[in-house]
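J.: sharing a sequence plus its predicted fold:
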Amino acid sequence: MITNNTILIGHNNKRRYMNCLPTKQFREIVKFLNDEESEKIYDDKEPRKIKWKEYTEAQINEAKNILEFIRDSVDKCTPLKLKGKLGRPLTNPKTLAKAVLLCEYFGFAERKGQGWIRIIGPFIGIYDELDDRTIGNAYDNTEVLYILNQVFNLTKDSDGILSGDGSGLERTRKQNYESNKKKYGEYIVNIVDSREIVQAFDISGPHEVEIMLKLIGEVNGNSLRLDAGFNSRKLTSKSIELDMIPYIYPKKNNVLNSNGSYEWTRMYLEFYLDVIAWLTEYYQRTHAESFYSSFKRVFGIITKVKPMSRLSQITARIIIHNFRKLAYYKRIR
């Protein structure tokens with residue numbers, strides 16, 4: 001890492017130092033690291049041992065714990081107060097939010113959800129008779145989404161070691177994300193910590209850099225890791241402003257003697273001067289990719305069509321994912 005003894009760029013000397021920075025050597029290092037035939041230059045970590053007895057016990061108790069969490073967390077939420085609502089009073093939005101979370105945890109379609117809610121609904125505080133249409137409409141309900149966002153905020157505890165990434169969420173089994181990502185499906189950009197707990201997310205589109213600029217203002221962390229798709233001076237500067245050390249993987253055409261920001265140049269000088277230390281920090285970004293692998297494998301494809309319904313479904317699934325992770329780390333603490 002760079003210290004004051006290593007390099008000092010003052011306002012008066014900035015241009016002189018910029019003109020003598022090792023851009024050529026920096027690019028050669030990036031090219032070498034991107035070469036598939038190059039040898040691995042960092043050490044693997046020992047895989048974490050699985051405590052099977054605790055794992056089995058957790059699997060047995062998971063359903064009960066999540067149902068209790070749904071009941072207690074939703075009951076704590078403050079409902080959205082909409083002015084000027086007319087017509088017959090609808091089902092309590094807290095009841096609908098519980099139904100959405102229940103269906104997403106068990107993977108129920110609305111008709112199956114209707115039957116199971118009759119059986120286990122009272123355990124989580126659902127006493128109304130909900131039919132399949134009511135459950136389906138709950139996903140497209142502003143009041144329900146407002147409650148889900150509150151529950152999400154209860155599950156975003158952070159350890160400060162943040163990583164970001166973007167990925168497509170397929171909506172059919174036949175869809176190939178890589179070849180159809182601009183045409184079909186849902187695109188999500190998010191930030192997770194080193195325990196793969198989601199801190200912030202957005203599904204407004206594949207404009208990763210612009211979305212990430214917004215998301216990093218919503219999180220608390222000490223450092224942030226992003227791949228080369230987020231190679232941006234603005235992201236680097238904003239991360240520093242928020243007291244987060246940036247680790248954004250470089251592109252081979254990046255230059256160090258440009259008229260860009262000081263933060264950008266400093267970050268890549270740290271990369272150049274101590275590649276191993278920099279990559280050791282950067283490669284914790286694998287937690288962001290692990291999240292997507294787990295999220296897609298556990299919950300499957302996105303089934304909702306309307307934009308708000310899709311957002312409610314994704315939010316509910318992230319809530320369940322976060323609770324599972326928090327429960328796991330609570331057990332092993």
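T.: Sure thing, it's come through. Residues are numbered from 1 along each chain as shown.
J.: tell me where the model's unsure across the stretch 101-250 of the chain.
T.: 173-185 (pLDDT under 70).
J.: run the last query once more with 50
T.: Within the stretch 101-250 of the chain, the segments meeting pLDDT under 50 span 177, 183-184.
J.: do you have the strands of it handy? List them.
T.: In the stretch 101-250 of the chain, the segments counted as strands under DSSP state E, counting those that start in this stretch are 161-169, 186-193, 198-202, 223-226, 245-248.
J.: quick check: closest non-adjacent residue to residue 253.
T.: Spatial nearest neighbour of residue 253, excluding adjacent residues (CB to CB, 6 or more residues apart in numbering): residue 27 at 7.4 Å. (C-beta placed from N, C-alpha, C; glycine too.)
J.: just checking, that neighbour touches residue 268?
T.: No. Using CB atoms under 8 Å as the test, residue 27 is too far from residue 268 to be in contact (10.3 Å).
J.: who touches both of these two?
T.: residue 254 (CB atoms under 8 Å, 6 or more residues apart in numbering).
J.: picking up where we left off before, quick one: which of the strands of the stretch 101-250 of the chain is nearest residue 286?
T.: Residue 286 lies closest to strand 161-169 among these, at 7.9 Å (CB to CB).
J.: pull up the pairing partners for that closest one, direction included.
T.: strand 186-193 (antiparallel), strand 223-226 (parallel) (DSSP bridges).
J.: relative to strand 198-202, how tilted is that strand?
T.: 40 degrees (axes from the mean of the first three to the mean of the last three CA atoms, to 10 degrees).
J.: tabulate the strands of the stretch 101-250 of the chain (a markdown table), appending distance to residue 289 and mean neighbour count.
T.: As requested, these are exported to a markdown table (distance: least, CB to CB, whole Å; neighbours: other CB atoms under 10 Å):
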| stretch | distance to residue 289 | mean neighbour count |
| --- | --- | --- |
| strand 161-169 | 6 | 24 |
| strand 186-193 | 10 | 24 |
| strand 198-202 | 13 | 22 |
| strand 223-226 | 11 | 25 |
| strand 245-248 | 15 | 23 |
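J.: in JSON lines: those strands, plus distance to residue 45.
T.: Shown next, in JSON lines, are the strands of the stretch 101-250 of the chain (distance: least, CB to CB, whole Å):
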{"stretch": "strand 161-169", "distance to residue 45": "14"}
{"stretch": "strand 186-193", "distance to residue 45": "17"}
{"stretch": "strand 198-202", "distance to residue 45": "23"}
{"stretch": "strand 223-226", "distance to residue 45": "16"}
{"stretch": "strand 245-248", "distance to residue 45": "17"}
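J.: please name whichever of the ones you listed is nearest to residue 60.
T.: Per CB to CB, nearest to residue 60 of these: strand 198-202, 25.6 Å.
J.: got a list of contacts for that closest one?
T.: The contact list for strand 198-202 (CB under 8 Å, 6+ apart) reads 156, 158, 162, 188-193, 211, 214-215, 218-221, 291, 314, 318, 321-322.
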